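Asker: Generate coordinates for the sequence data below:
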Amino acid sequence: MNISKEQVDELNAVVTVAIEKADYSDKVENILKDYRKNANIPGFRKGHVPMGLVKKQYGKAVLVDEVNKLLQDALNKYLTEEKLDVLGNPLPKEQDDFDWEKDNYSFEFELGLAPKFEVKLNGKKAITHYTIVATDEMIDNQIKSIQKQYGKLIAKDTVEKDDLIAGSFVNEAHEIDNQTTISLDNIKGKKNINAFLGAKVGDGLTLKTKGLFTDDKELFNALKISQDDVDKAAIEVTFTITEINTQELADLDQDLFDKLYGKDTVKSVTELKEKIKQDAERQFVQQSDQQLLNDVTESVLEHTQFDLPAEFLKKWIQATGEQSLTEDEAKDEYEKSEKGLRFQLIEGKIINDNNLQVTFEELKDFSKELIKGQMAQFGQLSPEDKELEEIAARILSNQDEVKRISEQLMSQKLLGYYKQNVKLKTKEVTFDEFIKEVYK
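Answerer: Residues are numbered from 1 along each chain as shown. Predicted coordinates for the structure are as follows:
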C-alpha cells in the first residue's frame with residue numbers, strides 16, 4: 001500500500017491511496033473459507049460447497065467490504081500521523097473508469113485544510129465591560145415585591161387603588177368566558193381605572209379590551225386567547241366581579257428576614273437592602289459577562305482575517321447532508337454556517353495556544369458549585385460535601401450533561417482569558433441603561 005499527498009494550494013490537497021492485491025488477498029481468502037464452512041446452498045452438504053461457487057456468489061461483496069475497511073483505516077492513520085488539520089471529512093473523488101475486476105486499486109480523496117492564522121484580540125477601540133449597579137428604586141421595588149409575596153390578602157366589598165380583583169371576562173360571540181384575577185396596577189388609562197374604582201362584588205363592568213392593560217400579554221392571559229387571535233384583542237367584554245382583596249404588606253421584621261435568608265443572617269432593613277443589592281448585582285455580573293463574551297467574539301471575528309476552503313466545504317455540505325441538497329442549497333448552508341465555523345477555529349486556537357483545557361477535577365468542582373446554587377434557591381444553604389459528590393457523580397455519568405457543563409466551564413475560562421488579555425474599558429450603568437445600550 002502506498003499513500004501520497006498532492007498540495008493543490010494552502011487550503012486544499014488530494015490524497016491518493018494505492019492498494020495492491022497483496023494488501024487484501026489473504027484477508028478476503030480467509031473470509032471466503034469461513035463462508036464455505038457455513039454456507040447453506042441447495043445441492044451441497046454444509047462445508048462442501050465448491051470454492052468457485054462461493055467466490056462467484058460472495059467474492060465481490062467481500063472484496064469491496066475489505067478494501068473499504070483497509071482504505072478507511074489507512075486514510076485515518078495517515079491523517080493522524082501527518083498531523084493534517086482537516087475541515088469536514090475527506091471526500092472521495094469520482095473515478096469513471098474504476099474497475100473492481102482489477103487486482104490493484106487507486107483511490108483519491110479531496111481534503112479541505114484548516115487555515116494558518118494569528119488571533120487578533122484587539123482592534124483600535126477598547127471593548128466596553130459593563131458594571132451594572134442596582135439603583136435605590138430597584139431595591140425599594142424588590143422590597144415591596146417581597147412584602148406583597150409574604151403579606152396576606154384581606155377581603156373587601158369595594159374596589160380601591162392597588163386592589164386585586166377576581167372575576168370573569170365574558171363575550172359570548174367570541175366564545176370568551178374566563179375567570180382570572182387582575183391587579184388594578186396593570187390596568188391602563190384613567191378611564192379604565194375609573195371604571196373599576198368604587199365597583200362592588202357582583203357588579204358587571206363593560207370594557208373595551210384594546211388598551212385595557214399596560215402589557216398586551218396581560219390581555220391575552222386575562223381572556224385566555226393566543227397572541228394569534230388578533231380579532232379577539234379589540235372587542236367589548238363584560239367583567240363580572242366575584243371577589244375583591246387588598247394586599248396587606250408583610251412587616252419588615254426579624255421574622256421576615258429569617259424566612260428570606262435564614263436565622264439572624266439579616267437583622268435590619270439596612271442589611272436587607274444591602275443583601276438585595278448584592279444578590280441583584282451578582283445576577284447582573286452574569287449578564288455583563290455574557291455581553292462581554294458576545295462583544296469579544298464579534299471583535300475577534302472582525303479583526304482576525306483568514307481564508308477558508310470554501311468550495312470544498314460547499315461540496316462537503318452537499319455530500320454529507322441528511323437530505324439531498326442542490327449546489328445552491330449547499331451554498332446557502334455554507335454561508336449560514338461560515339461565521340460559526342470561523343469562530344470555532346479561532347476559539348480552538350485560543351484554547352490550544354493557551355492550554356485552556358478542562359480537567360475532570362475542574363469539571364466535578366464546577367458541577368458541585370452549580371448544584372449548590374440550585375439547592376440554595378430551594379432553601380438548602382449548607383449541603384454536605386458527600387451529598388454534593390453523589391449528585392455530581394450522577395450528573396457526570398450522563399454524557400449530554402458532561403458536554404453541557406464542560407461548555408459552561410470553558411466559557412468561564414475563555415472569559416477569564418479575555419479579561420486579562422483584551423483591551424477593555426469599564427463602564428458603570430444601571431440595568432435600564434445597560435438594556436438601552438446593548439439592545440439600542
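Asker: Show me where the protein has its strands.
Answerer: With strands called from DSSP state E, the chain shows them at 2-9, 12-19, 86-92, 105-113, 127-133, 152-156, 164-171, 176-183, 204-208, 236-248, 424-430.
Asker: Would you mind giving those strands as a markdown table with mean neighbour count added?
Answerer: The C-beta positions use only the backbone N, C-alpha and C, and glycine is treated the same way. Formatted as a markdown table, those follow (neighbours: other CB atoms under 10 Å):
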| stretch | mean neighbour count |
| --- | --- |
| strand 2-9 | 12 |
| strand 12-19 | 18 |
| strand 86-92 | 17 |
| strand 105-113 | 19 |
| strand 127-133 | 18 |
| strand 152-156 | 12 |
| strand 164-171 | 18 |
| strand 176-183 | 15 |
| strand 204-208 | 14 |
| strand 236-248 | 16 |
| strand 424-430 | 13 |
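Asker: To Ile276, which of those strands lies closest?
Answerer: Minimum separation from Ile276 across the strands of the chain (CB to CB) falls at strand 127-133, 12.6 Å.
Asker: CA-only coordinates of that closest one in PDB, if you can.
Answerer: The C-alpha trace of strand 127-133 is given here as PDB (Å, rounded to 0.1, in the frame of the first residue of the first chain):
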ATOM      1  CA  ILE A 127     -14.300  46.900  24.300                       C
ATOM      2  CA  THR A 128     -16.800  48.000  27.000                       C
ATOM      3  CA  HIS A 129     -17.100  45.800  30.000                       C
ATOM      4  CA  TYR A 130     -20.200  46.900  31.900                       C
ATOM      5  CA  THR A 131     -20.600  47.100  35.700                       C
ATOM      6  CA  ILE A 132     -24.300  47.000  36.300                       C
ATOM      7  CA  VAL A 133     -25.400  48.600  39.600                       C
END
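Asker: which strands and helices sit next to it?
Answerer: Under the contact definition 3 or more CB pairs under 8 Å, 6 or more residues apart in numbering; DSSP states H and E, strand 127-133 sits against helix 269-303, strand 424-430, helix 431-439.
Asker: can you give me how far that strand is from the chain middle?
Answerer: Here strand 127-133 is found 24 Å from its chain centre; the criterion is CA atoms, centre = their mean, to the nearest Å.
Asker: In its sheet, which strands sit next to it, and in what direction?
Answerer: Strand 127-133 sits in its sheet next to strand 424-430 (parallel), going by DSSP bridges.
Asker: Compute the inter-axis angle for the strand it pairs with and helix 431-439.
Answerer: On the basis of axes from the mean of the first three to the mean of the last three CA atoms, to 10 degrees, strand 424-430 is oriented at 130 degrees to helix 431-439.
Asker: Kindly export strand 424-430 (C-alpha atoms) in CSV.
Answerer: What follows is strand 424-430, C-alpha atoms only, in CSV (Å, rounded to 0.1, in the frame of the first residue of the first chain):
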residue,chain,number,x,y,z
LEU,A,424,-11.3,46.8,27.9
LYS,A,425,-12.9,49.9,29.3
THR,A,426,-15.2,49.7,32.3
LYS,A,427,-18.5,51.5,32.3
GLU,A,428,-20.8,51.7,35.3
VAL,A,429,-24.5,51.7,34.3
THR,A,430,-27.9,50.9,35.8
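Asker: mean confidence for that strand?
Answerer: Strand 424-430 comes out with an average pLDDT of 96.
Asker: sorry, back to before: make JSON lines from the strands of the chain and add distance to Val402 to it.
Answerer: Formatted as JSON lines, the strands of the chain follow (distance: least, CB to CB, whole Å):
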{"stretch": "strand 2-9", "distance to Val402": "36"}
{"stretch": "strand 12-19", "distance to Val402": "34"}
{"stretch": "strand 86-92", "distance to Val402": "25"}
{"stretch": "strand 105-113", "distance to Val402": "29"}
{"stretch": "strand 127-133", "distance to Val402": "30"}
{"stretch": "strand 152-156", "distance to Val402": "46"}
{"stretch": "strand 164-171", "distance to Val402": "46"}
{"stretch": "strand 176-183", "distance to Val402": "44"}
{"stretch": "strand 204-208", "distance to Val402": "54"}
{"stretch": "strand 236-248", "distance to Val402": "46"}
{"stretch": "strand 424-430", "distance to Val402": "32"}
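Asker: closest to Glu369 out of those?
Answerer: Glu369 sits nearest to strand 127-133 of all the strands of the chain, at 22.0 Å, using CB to CB.
Asker: Other residues contacting that closest one?
Answerer: With contacts defined as CB atoms under 8 Å, 6 or more residues apart in numbering, strand 127-133 is touched by 281, 284-285, 287-288, 291-292, 295-296, 299, 419, 422-431, 434, 437-438.
Asker: Which neighbouring elements make contact with the worst-scoring helix or strand of the chain on mean pLDDT?
Answerer: Least confident element among the helices and strands of the chain, by mean pLDDT, DSSP states H and E: helix 216-223 (a mean of 84). The helices and strands touching helix 216-223, judged by 3+ CB pairs under 8 Å, 6+ apart, are strand 176-183.
Asker: Partner strands of the strand it packs on and their direction?
Answerer: Each strand paired with strand 176-183, and its direction, by DSSP bridges: strand 164-171 (antiparallel).
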